[in-house]
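**Student:** After the sequence you'll find the predicted model.
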Amino acid sequence: MDRLSELFGERVQFRSTCLDRIVLHGYLTGLQRPGQLVHFFHDVVGIDCIEPKVLQGRTAAYREWVDRYTQGQGIPVLAAPKGVRKEELVRPYYGKLGPHEGIACVLTSLENSRTFISYTPQRTPRSGDENYRRIETGRKRFLHLYWYVWDPTMGPLSLRVATYLPFTITCYLNGHHFVSERLRRAGVALYQQDNAILRVADPTALQAAADALTPAVLRARCDYWAAKLAPSFSPAEHAAMDLRYRYSLAQVELATDVIFEEPSPLRALFRRAVELGLLMGGADRTAHLFGRQITSRYRGKLQTVLDRRNEGHPVLRAYYRTSFVKQYEKAETLLRTETCINDPYHLDVGRRLENLPKLVSRMAETNQRFLDAQAELLACTVDQGELARLAQPVQVGKRRVPGVRLHDDRLIRLLDVLLHPGGFVADWTSRDVLARLLDRHRLTETSYRLSQLRYDLGKLRAHGLVERIGRTRRYRLTARGLKLGVLLVKLRTRLLGPLATLATASAPPPATSHDSAVEAAFHQVDLAITHLCTTLGLKAVA
């Protein structure tokens, strides 16, 4: 069990680690360099002069095919508007497809991208060849097509196709959609919101489905849609040159999701994580998260920031160069820790698709380090609702018992006597406690009567801090009473007292021999509260 799940116990339903957003660049291996383009047109196609109109002819042929295909299939073709997320725009078109393979729509966009440039040189070549043209690579602004499709294996995905040579493509996929489709085919019930799986009948099957997303699966699905939608070449051209698409990793996101039973512990955790977020920053901590060493040659971001803090949904983000690890809450019960790699070389991994398992392994280590580091900070600082529940009234039969509050002097005084090492025994009667309490606090029987003590003991019993032994009139502290009792007494006497009175500190209490385990534990809590007061700049009182 990981440290965070151990910290929250049964409040965590399950956790899973799955690839989220995946962006793959596809390129034709035989048409990447100017020399390959010259060989293609001269030796394979049989064109001696590679003029600009020759290059544009391939673009025109593809765009004519796109017009015929989309009109024949009734596929909407839209211009991508500025300032609007493409996913939001195309979502209604997916609804028309249903759970069937097909093309939802096509978006057109003018974008800068790499292409080939043909021009006549200023100087005549020595060979005197009039058909000679300079072929170079450059970046130009031209039309790109975004094909939004529904794939039976990957669910919704999109394919961006450049309409000019070398016809590069970019595939946008999501691992969570792959997992949900795989689980539905296997008959595993689940509930999903967007790219988050919030409930599942079999968490083991969920993780197994996430692990099944391999480079071979991604390559097969990208090849399938590239063969249908990207510019095509004749069988003779394929036979003469390697015109298959190869894929490289452009962006990969790996998400570790922790699903909670209810929103309250998640809100407490993330609120505290945001408060302590700056403690996760710095070169040493960021280098530890990514498992990399910071040297004098390092270039890029190295910081921890809190994004979207004014929008009600803050995102804690730690940068390493252009990559980052982030954490945020989603759908009220999901805590997502996500590593986003924009360049695999940041983790010393190559860009080829075959290196995806190695990259995923290192990203998973980054997610786990982030969660472990937070668990260490949060282990003693997350309020899981115990004090809030203790302050609420409870119903015992037809009787309503008030809550236990820090400003209740009588209860705090009673707990102090029950926990005091000098008078601690396994069990006691109400008269035994009354005698010790009057003696310790120098009270008279008129200032604190036996009836008042029994009322206070009844309140502690109702909240589970004290229990009765069988049918006798003897009582004892429960395990919960021991823990919360020490906390309440020390919070009142050592922390809230200094905050309220701003009293000056006296000499620290002398060390004891720790004759009993209770006394030793009590002294450890006392020292811890003293250290906390000192760290907060407060004056602790004895």
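**Tutor:** Arrived safely. Numbers count the residues shown, from 1 in each chain.
**Student:** I'd like to know how many residues surround Leu97.
**Tutor:** Leu97 has 16 neighbours, counted by other Cβ atoms under 10 Å. Bear in mind the C-beta positions are built from the backbone N, C-alpha and C, glycine included.
**Student:** didn't it look like it was pressed against Ala104?
**Tutor:** Yes: the pair Leu97 / Ala104 is scored as a contact, 5.7 Å apart, by Cβ atoms under 8 Å.
**Student:** Give the residues shared as contacts by these two.
**Tutor:** Counting by Cβ atoms under 8 Å, 6 or more residues apart in numbering, the contacts common to Leu97 and Ala104 are Trp150.
**Student:** quick one: contacts of stretch 47-61?
**Tutor:** Applying Cβ under 8 Å, 6+ apart, the set of residues contacting stretch 47-61 from outside is 37-38, 41-42, 116, 118-119, 130-131, 133, 135, 142, 163-165, 167, 231.
**Student:** Leu316 belongs to a strand?
**Tutor:** Yes: assessed with DSSP: H, G, I helix; E, B strand; the rest coil, Leu316 lies in a strand.
**Student:** How are the strands of the stretch 351-500 of the chain distributed by residue range?
**Tutor:** All strands of the stretch 351-500 of the chain, identified by DSSP state E, counting those that start in this stretch, fall at 394-396, 399-401, 466-468, 475-477.
**Student:** in the third one, what counts as buried?
**Tutor:** Same thing as strand 466-468. For strand 466-468, the neighbour count (16 or more other Cβ atoms under 10 Å) marks Val466 as buried.
**Student:** what packs against that strand?
**Tutor:** helix 450-462, strand 475-477 (3 or more Cβ pairs under 8 Å, 6 or more residues apart in numbering; DSSP states H and E).
**Student:** Mind listing the strands that strand pairs with, and their directions?
**Tutor:** Paired with strand 466-468 in the same sheet, following DSSP bridges, are strand 475-477 (antiparallel).
**Student:** The strand it pairs with - what's its average pLDDT?
**Tutor:** Strand 475-477 shows a mean pLDDT of 85.
**Student:** That one: which residues count as buried?
**Tutor:** Buried residues in strand 475-477, defined by neighbour count with 16+ other Cβ under 10 Å: 475, 477.
**Student:** So, low pLDDT: which residues of the stretch 251-400 of the chain?
**Tutor:** Within the stretch 251-400 of the chain, the stretches with pLDDT under 70 are 264-265, 268-269, 271-288, 291-303, 308-312, 376-385.
**Student:** re the thing from before, now list the buried members of the contacts of stretch 47-61.
**Tutor:** Applying 16+ other Cβ under 10 Å to the contacts of stretch 47-61, the neighbour count classes 37, 41, 116, 118, 133, 135, 163-165, 167, 231 as buried.
**Student:** Let's see which of these end up in helices.
**Tutor:** Leu37 (DSSP state H).
**Student:** could I get the buried ones among the contacts of stretch 47-61 as CSV with distance to Arg471 and pLDDT?
**Tutor:** As requested, those are exported to CSV (distance: Cβ to Cβ, whole Å; pLDDT from 0 to 100):
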residue, distance to Arg471, pLDDT
Leu37, 95, 94
Phe41, 100, 94
Phe116, 94, 95
Ser118, 100, 93
Arg133, 104, 87
Ile135, 99, 92
Thr163, 88, 96
Tyr164, 90, 96
Leu165, 92, 94
Phe167, 87, 96
Pro231, 88, 96
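**Student:** quick one: which of the strands of the stretch 351-500 of the chain is nearest Arg362?
**Tutor:** Arg362 lies closest, by Cβ to Cβ, to one member of the strands of the stretch 351-500 of the chain: strand 475-477, at 49.1 Å.
**Student:** Columns distance to Asp307 on top of the strands of the stretch 351-500 of the chain, output as a markdown table?
**Tutor:** Shown next, in a markdown table, are the strands of the stretch 351-500 of the chain (distance: least, Cβ to Cβ, whole Å):
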| stretch | distance to Asp307 |
| --- | --- |
| strand 394-396 | 42 |
| strand 399-401 | 46 |
| strand 466-468 | 48 |
| strand 475-477 | 47 |
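**Student:** Nearest to Gly72, out of those strands?
**Tutor:** Using Cβ to Cβ, the strands of the stretch 351-500 of the chain put strand 394-396 closest to Gly72, at 70.4 Å.
**Student:** packing partners for the closest one?
**Tutor:** So strand 394-396, by 3+ Cβ pairs under 8 Å, 6+ apart, packs with strand 399-401.
**Student:** Pairing partners for the strand it packs on, with directions?
**Tutor:** Partners of strand 399-401 in the sheet, by DSSP bridges, are strand 394-396 (antiparallel).
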